[in-house]
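Q: The following comprises the amino acid sequence and a computationally predicted model.
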Amino acid sequence: MTNKTLHLGSRVLGEGNPVHIVFEAGPTHSGLESALKLVDMAADANADAIKFQMVDAKAIVSNPSVKFSYSYLKDRHTGETETIEESLLEILQRRELTREEWKILIAHCKQRGIDFFSTATTEDELHFLAAQGVDCIKICSGDLTYHHFLRVAAQYDWAIQIDTGSSSIGEVEKAIDVLEEANARKIIINHCPSGYPAHLEGINLNVLRTLKSMFPYPVAFSDHTPGAVMDVAAVALGAHMIEKTITLDRTTRSPEHIMSLEPEDAAAFIKTIREVEIALGSTRRYVSPPERKSRLVARRSLFAACDLPAGSTISQEHLHYSRPGDGIPADMDHLILGRTTAHNLTKGQKLSFSDFK
């Protein structure tokens, strides 16, 4: 199946185009000041986009006693971690911004030349983001079966990313059916393993192949592990977009900082992904001019295995195969066998076609 391409800002996403690198800052800012710093961090590292999460904590958490368990990095030198439990409502409230603060943040992204995406969880947030000219929003995996919300999101001419963590393939199919029936055509399917950080056994990167084969849309990988290893593998498996969480400090006592990139890691991460893209190259085997030149040192040519008077008929024992390969190539010996020498040849002489009749 050919996966469609679509435009995100000034960039094209999909098969045959550079991997779209998105830095996720939704769970790792603690207000406008840190959010602006994370935008600068992403822009300085040359990310394509930065994603936030609009949050109205009381609108999506009806029971304030609900707890959320997560690990944080207690000591960066020893790698010691600690798992703690905290009120989900209080965690989400730390991420809330006012509408005026969102406008400042979006304007700052435009000023820094980096695309702004956001997860939306309420219809009011969808309408607000559309009014700001945002051209890509994300539906979190928890809302994949919230079909009414998908239909409202599909009313706007923007790209819709859907997270698929903890969802069956049937639920993903149904969500895409709902979006298509509502005339959404710019869809990005995001493979989003659960866990902060995700466990290796639950990442299932090969699901990217399944999604690419089943749906005609770009496929993304949302990474919840430290470092770049899983992202490199995802790019090799054909992911069109990589989403990686960033933080100003991995030791922050809050969810998702533990597996995030810090400022000094961000540029190196993007450099790694770009190098992998270059190294993946083409599916077609192509020998470059430098390779053609260098391989002559290792390949063999035909040499005379003994003295050969003029008129000798060449048989296998008359040929010696030796380096370098700048004479008659070894795999062209069949063009020489059975022919007669045009003049006397000496043992060890490199042969050429003009030596034969």
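A: Received, thanks.

Q: Tell me how the chain divides into domains.
A: 9-280, 289-355 (the TED database).

Q: just those domains: most buried one?
A: Comparing the domains of the chain by mean neighbour count (mean count of other Cβ atoms under 10 Å), domain 9-280 ranks first with a mean of 18. Every residue, glycine included, has its C-beta placed from N, CA and C.

Q: what about that domain, average pLDDT?
A: Across domain 9-280, pLDDT averages out at 94.

Q: Start and end of that domain, how far apart?
A: Its first and final residues considered, domain 9-280 spans 26 Å by Cα to Cα, to the nearest Å.

Q: from the chain's centre, how far out does that domain sit?
A: Put simply, domain 9-280 sits 13 Å off its chain's centre (Cα atoms, centre = their mean, to the nearest Å).

Q: List the contacts of the closest residue in space to Ala198 that isn't next to it in sequence.
A: Nearest residue to Ala198, sequence neighbours excluded (Cβ to Cβ, 6 or more residues apart in numbering): His224, at 4.0 Å. Residues near His224 by Cβ atoms under 8 Å, 6 or more residues apart in numbering: Cys192, Pro193, Ser194, Gly195, Tyr196, Pro197, Ala198, Thr245, Glu256, Met259.

Q: My reading is that Tyr72 lies in a strand. Confirm?
A: Yes. Counting by DSSP: H, G, I helix; E, B strand; the rest coil, Tyr72 is part of a strand.

Q: Roughly how far does it sit from Val66?
A: Noted for Tyr72: a distance of 19 Å to Val66, by Cβ to Cβ, to the nearest Å.

Q: separation between the nearest residue to Ala49 once chain neighbours are set aside and His240?
A: Counting by Cβ to Cβ, 6+ apart, Asp115 is the residue found nearest to Ala49 once chain neighbours are left out, at 3.8 Å. Counting by Cβ to Cβ, the gap from Asp115 to His240 is 15 Å.

Q: Repeat that for Lys350.
A: Distance from Lys350 to His240, by Cβ to Cβ: 52 Å.

Q: go on, Lys347?
A: To His240, Lys347 is 61 Å away according to Cβ to Cβ.

Q: Skipping adjacent residues, who's closest to Ile91 in space?
A: Closest residue in space to Ile91, ignoring its immediate chain neighbours: Phe68 at 5.8 Å, by Cβ to Cβ, 6+ apart.

Q: ok now do that neighbour, which residues does it touch?
A: Glu85, Glu86, Ser87, Leu88, Ile91, Pro255.

Q: Surely the second one forms part of a strand?
A: Right, the one you point to is Glu86. Yes. With three-state DSSP as the criterion, Glu86 is part of a strand.

Q: Test my guess that it contacts Tyr70.
A: Yes. With contact defined as Cβ atoms under 8 Å, Glu86 counts as touching Tyr70 (7.4 Å).

Q: still on that earlier bit, quick check on the residue nearest to Ala49: phi, psi?
A: Per-residue torsions, Asp115: phi -70, psi 140 (degrees, to the nearest 10).

Q: just the helices in this protein please.
A: Assigned by DSSP state H, the helices in the chain fall at 32-44, 57-60, 88-93, 99-112, 123-131, 147-153, 169-181, 207-214, 229-236, 263-280, 289-298.

Q: nearest to Pro329, of those helices?
A: Using Cβ to Cβ as the measure, helix 289-298 is the one of the helices of the chain that comes nearest Pro329, at 9.7 Å.

Q: Now do that closest one, average pLDDT.
A: Averaging pLDDT residue by residue across helix 289-298 gives 89.

Q: what separates it from the chain centre, distance-wise?
A: The chain centroid and the centroid of helix 289-298 are separated by 33 Å under Cα atoms, centre = their mean.
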